[in-house]
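Participant: fold the following, please.
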Amino acid sequence: MANSSRIKILVGVVLLVTAISLPVYAASSVAGEWKGTSKDTPQGDMTFTLSLKQDGDTVTGELDLGQGTFEIIDGTFKSNKLSFTIKTPDGNSFEVTGTLDKDQLTGTWKDNNGTSGTWTAEKGK
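Facilitator: Okay, here's the model as predicted:
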């Protein structure tokens, strides 16, 4: 009987640790589709779709502005901080950073001409 009780306790502890860890693991990924708005652009507020894939700290994917789709370059996600670059066909590049909080990303962008702004996106909205 003592062995049986120990096994039950061990199984209970393993299940508890697993249950506690799952939300933390799920919250630490930016993979998926994000719908957002970029503020302070020369064209005013712009909506976009951000489609991300994540492999460890490496993030790939694309940004769709409705008028064109741009590949994400040098994407990383560490400690809830997202960072990536996009380049447009006319040679302009944008450095994008953001912070994940639950199902929302908020951040800033800056182009190589010094123009900058803010953005927000929600997952699966």
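Participant: now the element after the helix or strand of the chain with the lowest mean pLDDT, going C-ward?
Facilitator: In the chain, the helix or strand scored least confidently by mean pLDDT, DSSP states H and E is helix 2-27, which has a mean of 48. Beyond helix 2-27 in the direction of the C-terminus, DSSP states H and E gives the next helix or strand as strand 32-38.
Participant: what is the mean pLDDT for that following strand?
Facilitator: Strand 32-38 shows a mean pLDDT of 96.
Participant: list the buried residues in it.
Facilitator: Residues 34, 36, 38 are the ones in strand 32-38 that count as buried (16 or more other C-beta atoms under 10 Å). For every residue, glycine as well, the C-beta is placed using N, CA and C.
Participant: how about the residues you listed in CSV, adding distance to residue 88?
Facilitator: What follows is those, written out as CSV (distance: C-beta to C-beta, whole Å):
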residue, distance to residue 88
34, 20
36, 18
38, 14
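Participant: nearest to residue 110, of those?
Facilitator: Of all the buried residues of strand 32-38, the one with the least separation from residue 110 (C-beta to C-beta) is residue 38, at 11.7 Å.
Participant: that closest one and residue 107, how far apart?
Facilitator: Distance, residue 38 to residue 107, using C-beta to C-beta, to the nearest Å: 10 Å.
Participant: okay, and the common contacts of those two?
Facilitator: With contacts defined as C-beta atoms under 8 Å, 6 or more residues apart in numbering, the residues shared by residue 38 and residue 107 are 118, 119.
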